[in-house]
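In: Quick one, structure for this:
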Amino acid sequence: MAEENRKFVKLHFDKGQLFLQKNQFTNALIEFNLALERSNNDPIIVQAIQTAQRRLNEQVKNLVAQGRQEFRRGNYSDALRILSEALVLAPDDPQLQDEINTLANRIKMQQYVQQALQLYDLGEYQKALNLFEEALMLDPSNDTIRQYVE
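Out: Numbering: from 1, shown residues only. Down below sits the predicted model:
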């Protein structure tokens, strides 16, 4: 039984290491945790989990930074895609969720405003107004959007 346990731990630890090398942090964490279940408080496995978690957090931070950069460049759909990737990697981080939701709302607001301005230029005033109102709901304190609505 002890030999089977040792093989199980080694198999899942090795799988975790492979996933870690490929930057597949979530899969690495799953494998390391499976190994840890059978080898309680093994310092090497605990350290591997900490390393995977640290690298996962770094990747999430990098994705958020990339999302912000794409937003500043006006690449809103790319920004949303990148931020969605970050959220998939860290779904339980409330601070990250708030930040991503804030950025996503800002992106949506910018998209609404751009579409509304295009519609306004085309003489589609009611459709433009509807989009400006959607944007204003996302950012009620935005005076520029309020002026567009008026």
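In: ok, the residue nearest in space to the middle of the chain - contacts?
Out: What sits nearest the mean C-alpha location of the chain, by Cα atoms, centre = their mean, is Ala86, with 2.1 Å. By Cβ atoms under 8 Å, 6 or more residues apart in numbering, the contact set of Ala86 is 60, 63-64, 67, 96, 100. Glycine gets a C-beta too; all of them are placed from N, C-alpha and C.
In: how close does the nearest residue to it once chain neighbours are set aside get to Ala28?
Out: Leaving aside its sequence neighbours, Ala86 sits nearest to Leu63 (Cβ to Cβ, 6 or more residues apart in numbering; 3.8 Å). Counting by Cβ to Cβ, to the nearest Å, the gap from Leu63 to Ala28 is 17 Å.
In: So those two - more neighbours on which side?
Out: Ala28 (25 against 22; other Cβ atoms under 10 Å).
In: In this model Asp14 seems to touch the more buried one, though I could be wrong.
Out: No. Applying Cβ atoms under 8 Å, one finds Ala28 not in contact with Asp14, separated by 11.0 Å.
In: Which parts of this protein are strands?
Out: Counting by DSSP state E, the chain has no strands at all.
In: Could you list every helix and strand in contact with the helix ranked longest in the chain?
Out: Counting residues, the longest helix found in the chain (DSSP state H) is helix 43-73. On a contact count with 3 or more Cβ pairs under 8 Å, 6 or more residues apart in numbering; DSSP states H and E, helix 43-73 meets helix 2-21, helix 25-38, helix 76-89, helix 94-121.
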